[in-house]
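Enquirer: kindly generate the corresponding structure for this input.
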Amino acid sequence: MRRWAGLAVLLALAGCTTTVSGAARPEPETPPSNLALVDPARTASVLTAVKTATEAVFSYDSTAVPAYEKAIADNLTPGARDEMAKLFAEVRKSAEPIKLVTRVIVSAAVEQTPDKAQVLTVLDQSSTRAGTTNKGIASVLLATVREGDRWRIGEIKVNPAGSPAATEKPGAGDRVLARVRDSARDGALRAAQALLSVDPADPEGTYARYESVSTGQLLTQFRQDKATGVGKIRAAGAKSSLAPNPAAAVMEVVDDKASVLLHATSDVTDATGQATKKHLPIVLRLQRLPEGWKAAGIELVASLP
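Expert: Below you'll find the predicted structure:
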């Protein structure tokens with residue numbers, strides 16, 4: 001899985017005017033309410049701080065409990081300490097020595113203000129107990145607060161659903177950047193709705209929806225594989241749909257391209273009627289076209305080597 005280090009926003013600024021008492025006056029360049037990606041350096045600083053805190057509190061060594069408890073005290077608010085205690089209750093009860101190492105694979109800011117941030121993060125976790133090592137990944141949505149020079153985690157949601165985000169009001173300066181960021185997020189959600197839904201009763205319609213939200217090489221691939229794909233959907237008989245409000249965060253916007261991190265929960269019903277949920281951390285690569293944002297690529301976030 002590729003890491004995205006850059007957080008550049010290179011967009012043309014546009015002015016906006018509003019009519020007051022019959023006269024057109026420039027709207028004041030008030031800052032947007034959500035500063036994620038608007039100030040790339042500040043967003044990168046927040047993500048770095050949250051990464052350090054997250055890797056510290058989600059890692060555990062039963063032979064070094066004092067160091068773990070110090071990490072908890074340093075990086076979590078009291079409320080989040082209670083949440084973490086519940087999450088780690090079974091780990092800490094292990095009768096055998098256990099070591100859990102957590103690394104951040106990828107993260108992005110959902111929302112950011114000078115003193116608060118919500119960060120969507122995908123974690124690589126490796127646990128070793130009784131000589132056996134198991135690996136896995138997990139998505140978490142972290143609400144963080146700034147206390148002095150330190151960012152502390154105040155709330156932890158595992159396999160999170162998002163909440164509908166307010167779109168920035170029209171305006172000049174940074175608010176233009178914020179609105180482009182928000183339009184990319186909305187475009188990713190529309191694409192995910194189509195790309196993660198399968199209807200075995202209408203495989204042709206399923207593929208038509210794939211094609212309607214795709215562009216570039218992804219669209220070419222869908223068209224080339226359509227006959228085979230339609231047959232597989234019909235034969236498998238499994239139906240899936242995207243659960244409401246997937247958590248989404250824009251990782252970067254560069255010119256007319258964007259990368260968006262999503263944690264999507266898919267409701268799947270197989271041919272026998274068995275229902276399950278699949279948790280899918282994905283990255284959507286988007287291209288902005290005259291008709292709006294479309295998916296140019298889709299990648300499932302994978303464990304680190």
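
Enquirer: can you give me the strands in the stretch 51-200 of the chain?
Expert: With strands called from DSSP state E, counting those that start in this stretch, the stretch 51-200 of the chain shows them at 60-61, 98-112, 116-129, 132-147, 150-158.

Enquirer: hey, where'd the helices end up in this structure?
Expert: Applying DSSP state H to the chain gives helices spanning 40-57, 65-75, 78-87, 89-92, 174-195, 203-212, 216-236.

Enquirer: most packed of the ones you listed?
Expert: Neighbour counts (mean count of other Cβ atoms under 10 Å) averaged over each of those peak at helix 174-195, with a mean of 21. Backbone N, C-alpha and C define where each C-beta goes, glycine included.

Enquirer: related to what we said a few turns ago, of all the strands of the stretch 51-200 of the chain, which one is nearest residue 259?
Expert: Evaluated over the strands of the stretch 51-200 of the chain, closeness to residue 259 peaks at strand 98-112, with 8.3 Å, by Cβ to Cβ.

Enquirer: helices or strands next to the closest one in the packing?
Expert: helix 40-57, strand 60-61, strand 116-129, strand 247-254, strand 257-269 (3 or more Cβ pairs under 8 Å, 6 or more residues apart in numbering; DSSP states H and E).

Enquirer: now with 10 Å, please.
Expert: For strand 98-112, the packing partners by 3 or more Cβ pairs under 10 Å, 6 or more residues apart in numbering; DSSP states H and E come out as helix 40-57, strand 60-61, helix 89-92, strand 116-129, strand 132-147, strand 247-254, strand 257-269, strand 275-289.

Enquirer: could I get the ones you listed as JSON lines with mean pLDDT and distance to residue 83?
Expert: Shown next, in JSON lines, are those (pLDDT from 0 to 100; distance: least, Cβ to Cβ, whole Å):
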{"stretch": "helix 40-57", "mean pLDDT": "96", "distance to residue 83": "10"}
{"stretch": "strand 60-61", "mean pLDDT": "96", "distance to residue 83": "15"}
{"stretch": "helix 89-92", "mean pLDDT": "90", "distance to residue 83": "11"}
{"stretch": "strand 116-129", "mean pLDDT": "96", "distance to residue 83": "15"}
{"stretch": "strand 132-147", "mean pLDDT": "95", "distance to residue 83": "11"}
{"stretch": "strand 247-254", "mean pLDDT": "96", "distance to residue 83": "17"}
{"stretch": "strand 257-269", "mean pLDDT": "96", "distance to residue 83": "18"}
{"stretch": "strand 275-289", "mean pLDDT": "97", "distance to residue 83": "19"}
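
Enquirer: which among these is found nearest to residue 70?
Expert: Closest of the helices and strands packed on strand 98-112 to residue 70 is helix 40-57, at 9.0 Å (criterion: Cβ to Cβ).

Enquirer: chain center to that closest one, what's the gap?
Expert: A distance of 15 Å separates the C-alpha centroid of helix 40-57 from that of its chain, computed with Cα atoms, centre = their mean, to the nearest Å.

Enquirer: report all helices and strands that that helix contacts.
Expert: Using 3+ Cβ pairs under 10 Å, 6+ apart: helix 40-57 touches strand 9-10, helix 65-75, helix 78-87, strand 98-112, strand 116-129, strand 132-147, strand 150-158, strand 247-254.
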